[in-house]
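Engineer: no sequence for this one, just the structure:
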């Protein structure tokens, strides 16, 4: 039972290791944000001179400076942008007939989906790690803002940070995988995905504190999965002061999103992998392929 | 037809229909397979012959569980393809019309992963892969990425991938599309050896008439979703009247027809100018009789030729139209096909 799944994961791994381009593509936006936006835009400088650091920290959820606050948001954003590429493989597999060949073997339909989700979900973490490392490094470059972490960060905090990043990665991987199962062409896939990218980022607290937003936006931001993950990640690095809820509550919310996206992906995957063309969204392509 | 599978029937298809729903409102549904019934016996090479769009790939997709039929029944090794698809998948190997290997992987990796999908791995599988690569003449390139392969190598790899789990039943969809003549001959040899030494049953589709004629033990001719004839190539060809004798006589000679029509084995005689075409059961035996009768009647025979029937004539006879008039374009991957057997190379 495990061997078929392992075989599919191995295939994805071999493909990826030979052309890891999308890690770079997924990294581009977050790194540019860190290097340009994060350096130029410092909310702390907008406060009146002589504002006590405690007051600034209160606005920035306990972060010692704006860049540190912002960098954590970019870690979450890196997961989302990396996940944007997770649905592409399935579209190519459909177009090239590779999926059809896999479906002609006795592997279970669920394994096809789970192997993609596991591999891509974990892979999506790599850009997030790289962004953390990059932001930490920047702190040691003179005249450049970098991520500064409190000395009280424990292994447990780090684990909590990691867990939030992982659940966020898996959730968005599932969401974009479901688009991949539904889409027939790479163009329509990226059409939808790029339309979503900015709204998902801008309706979160990744870039600026919720407290300076209008109330209506605050409600949207509170439920955004990026916000939920970022809350947990900031809590683990900068402390829990100022949050209305505990990390567990945010985790519950994040897991609910993950469950929703995974459920959606499983639904669309099972429809795409079904063999009856009348009910399947791939019926069109399949019958096209057969009719010629 | 009932539940008890006959031992030597490997594929049993009964009144299979496949209707693709209309893609848009106002367009017509497509009847791709229209009541197809046939059986394939163990150890035979069974050919599904027909022009493109006749319903061949749809049928093979239903038999290999990739499509669900609209109605009718099909079973493989006595297992119903609709109700127990996963058990059917274990029994068969499938070679697709187009290359489905992963381009970014080597040939060997593709095969190892395919074996894994069937739950197989280990030294025995590795040996099997090496053996198949050698048989397919791919040993030298087995560890190169598939994207560096030529069209012929891809076709052979496709077959090797389909064989990696040692299936006793092999489905081949247009297996020689895009192969050059040597490649096709080599492929035919390999398929025959599978049948002869391995007892493998082969179900294949082809639109190459000569391939069906030379390779297949039995053929079903399919056109517009219906089987219009089934039998061995010889039976089909004999069925349309066996041989033809073409007799050329001297210009202005008397009519030969009355003399020949009454001869045993002659079915029909037609004449165009000074050339007669005699449809008969055994052309060679008829030659001396015709020549003798003509000489006795003072008709000078200038030449006699025996024309063996071809499947092309069978198709013409059954459908009323020539096979090559389909205007078909082979769905070749990269370089197109070699244009044999009446395939028109159209479109760039």
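Structural biologist: Sure, I can see it. Treat the numbers as computed from the prediction; the structure is a model and nothing was measured. Residues are numbered from 1 along each chain as shown, chains lettered A, B, ... in the order given.

Engineer: for chain A, what is the nearest residue in the stretch 51-200 of chain B?
Structural biologist: Chain A sits closest to residue B:116 of the stretch 51-200 of chain B, with a gap of 2.9 Å, by Cβ to the nearest Cβ. To be clear about C-beta, it is placed using only N, CA and C from the backbone, and glycine gets the same treatment.

Engineer: give me the helix or strand of the chain that scores worst on average pLDDT.
Structural biologist: Picking chain A for this. helix A:283-291 (a mean of 38; mean pLDDT, DSSP states H and E).

Engineer: wrong chain, I was asking about chain B
Structural biologist: Per mean pLDDT, DSSP H and E, bottom of the list for chain B is helix B:311-319, a mean of 80.

Engineer: so which elements touch that helix?
Structural biologist: helix B:209-215, strand B:218-223, strand B:226-231, helix B:233-239 (3 or more Cβ pairs under 8 Å, 6 or more residues apart in numbering or on different chains; DSSP states H and E).

Engineer: tell me what the last one is packed against?
Structural biologist: To tie it back to what came earlier, the one meant is helix B:233-239. Packed next to helix B:233-239, using 3+ Cβ pairs under 8 Å, 6+ apart, are strand B:218-223, strand B:226-231, helix B:311-319.

Engineer: how about 7 Å then?
Structural biologist: With contacts taken as 3 or more Cβ pairs under 7 Å, 6 or more residues apart in numbering or on different chains; DSSP states H and E, helix B:233-239 sits against helix B:311-319.

Engineer: list the buried residues of the helix it packs on.
Structural biologist: B:311, B:312, B:313, B:314, B:315, B:316, B:317, B:319 (16 or more other Cβ atoms under 10 Å in any protein chain shown).

Engineer: doesn't residue B:40 lie inside a helix?
Structural biologist: No: Residue B:40 is assigned strand when assessed by DSSP: H, G, I helix; E, B strand; the rest coil, not a helix.

Engineer: grab the nearest non-local neighbour of it.
Structural biologist: Nearest residue to residue B:40, sequence neighbours excluded (Cβ to Cβ, 6 or more residues apart in numbering or on different chains): residue B:11, at 3.9 Å.

Engineer: what do you get for residue B:15?
Structural biologist: Residue B:15 sits nearest to residue B:72 (Cβ to Cβ, 6+ apart), 4.3 Å away.

Engineer: got the contact list for the one you found?
Structural biologist: Residue B:72 sits next to B:14, B:15, B:16, B:17 when contact means Cβ atoms under 7 Å, 6 or more residues apart in numbering or on different chains.

Engineer: in terms of secondary structure, what does whichever strand or helix holds the last one contact?
Structural biologist: Residue B:17 is part of strand B:9-20 when elements are defined by DSSP states H and E. If you count contacts as 3+ Cβ pairs under 7 Å, 6+ apart, strand B:9-20 packs onto strand B:30-41, helix B:56-63, strand B:71-76.

Engineer: kindly recompute the last result at 10 Å.
Structural biologist: helix A:283-291, strand B:30-41, helix B:56-63, strand B:71-76, strand B:169-173, strand B:201-206 (3 or more Cβ pairs under 10 Å, 6 or more residues apart in numbering or on different chains; DSSP states H and E).

Engineer: export the ones you listed to CSV and append columns for distance to residue A:12.
Structural biologist: Below are these laid out as CSV (distance: least, Cβ to Cβ, whole Å):
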stretch, distance to residue A:12
helix A:283-291, 22
strand B:30-41, 34
helix B:56-63, 26
strand B:71-76, 30
strand B:169-173, 26
strand B:201-206, 32
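
Engineer: residues from the stretch 51-200 of chain A in reach of chain B?
Structural biologist: A:92-93, A:96-109, A:111-112 (Cβ under 10 Å from any Cβ of the partner chain).

Engineer: of these, keep whichever come out buried.
Structural biologist: A:93, A:96-107, A:109, A:111-112.

Engineer: from these, which is closest to residue B:52?
Structural biologist: residue A:97 (17.1 Å; Cβ to Cβ).

Engineer: ok, the closest one touching residue B:61?
Structural biologist: No: in this structure, residue A:97 is not within contact of residue B:61 by Cβ atoms under 10 Å, at 11.6 Å.

Engineer: contacting residues for whichever residue of chain A sits closest to chain B?
Structural biologist: Nearest residue of chain A to chain B: residue A:7, at 2.9 Å (Cβ to the nearest Cβ). Residue A:7 makes contact with A:102, A:105, A:107, A:111, A:115, B:112-121, according to Cβ atoms under 10 Å, 6 or more residues apart in numbering or on different chains.

Engineer: tell me the pLDDT of it.
Structural biologist: With respect to pLDDT, residue A:7 scores 93.

Engineer: which ones among the residues of the stretch 51-200 of chain A next to chain B map onto strands?
Structural biologist: In strands, judged by DSSP state E, none of these are found.

Engineer: now intersect the residues you listed with the helices, please.
Structural biologist: Using DSSP state H, the members of these that fall within helices are A:92, A:93, A:96, A:98, A:99, A:100, A:101, A:102, A:103, A:109, A:111, A:112.

Engineer: go through those residues and name the one with the lowest pLDDT.
Structural biologist: residue A:109 (83).

Engineer: I'd say that residue and residue A:273 touch.
Structural biologist: Yes: counting by Cβ under 10 Å, residue A:109 sits close enough to residue A:273 to count as a contact (4.6 Å).

Engineer: what sits against residue A:86?
Structural biologist: Contact partners of residue A:86, counting by Cβ under 10 Å, 6+ apart, are A:22, A:26, A:116-117, A:119-121, A:123-124, A:169, A:172-180, A:193, A:265.

Engineer: now it, nearest residue through space, not along the chain?
Structural biologist: Computed as Cβ to Cβ, 6+ apart, the closest residue to residue A:86 that is not its neighbour in sequence is residue A:120, at 4.0 Å.

Engineer: what do you get for residue A:165?
Structural biologist: Counting by Cβ to Cβ, 6+ apart, the residue nearest residue A:165 is residue A:128, at 5.0 Å.

Engineer: and for residue A:192?
Structural biologist: In space, and not counting its chain neighbours, residue A:192 is closest to residue A:179: 5.7 Å by Cβ to Cβ, 6+ apart.

Engineer: tell me which element that neighbour is part of?
Structural biologist: Applying DSSP H and E, one finds residue A:179 within helix A:155-182.

Engineer: how far off centre is stretch B:231-246?
Structural biologist: Stretch B:231-246 has its C-alpha centroid displaced from the chain centroid by 17 Å (Cα atoms, centre = their mean, to the nearest Å).

Engineer: give the buried residues for it.
Structural biologist: B:233, B:236, B:237, B:240, B:241, B:242, B:243, B:244, B:245.

Engineer: now do the same end-to-end measure for that stretch.
Structural biologist: 27 Å (Cα to Cα, to the nearest Å).

Engineer: then stretch B:14-26?
Structural biologist: Stretch B:14-26 end-to-end distance (Cα to Cα) = 31 Å.

Engineer: let me see the mean pLDDT of the host helix or strand of residue B:268.
Structural biologist: Using DSSP H and E, residue B:268 maps to strand B:266-272. Throughout strand B:266-272, pLDDT has a mean value of 86.

Engineer: what of stretch B:176-187?
Structural biologist: The pLDDT scores in stretch B:176-187 average 84.

Engineer: any idea how far that stretch is from the middle of the chain?
Structural biologist: So, by Cα atoms, centre = their mean, the centroid of stretch B:176-187 is 14 Å from its chain's centroid.

Engineer: need the pLDDT of the residue at the greatest distance from the centre of chain B.
Structural biologist: Going by Cα atoms, centre = their mean, the residue of chain B most distant from its centre is residue B:298, 47.2 Å out. What the model reports as pLDDT for residue B:298 is 88.

Engineer: name the SS class of the most centrally placed residue in chain A, please.
Structural biologist: Centroid-nearest residue in chain A, with Cα atoms, centre = their mean: residue A:80, separated by 2.6 Å. Classification of residue A:80 using three-state DSSP returns helix.
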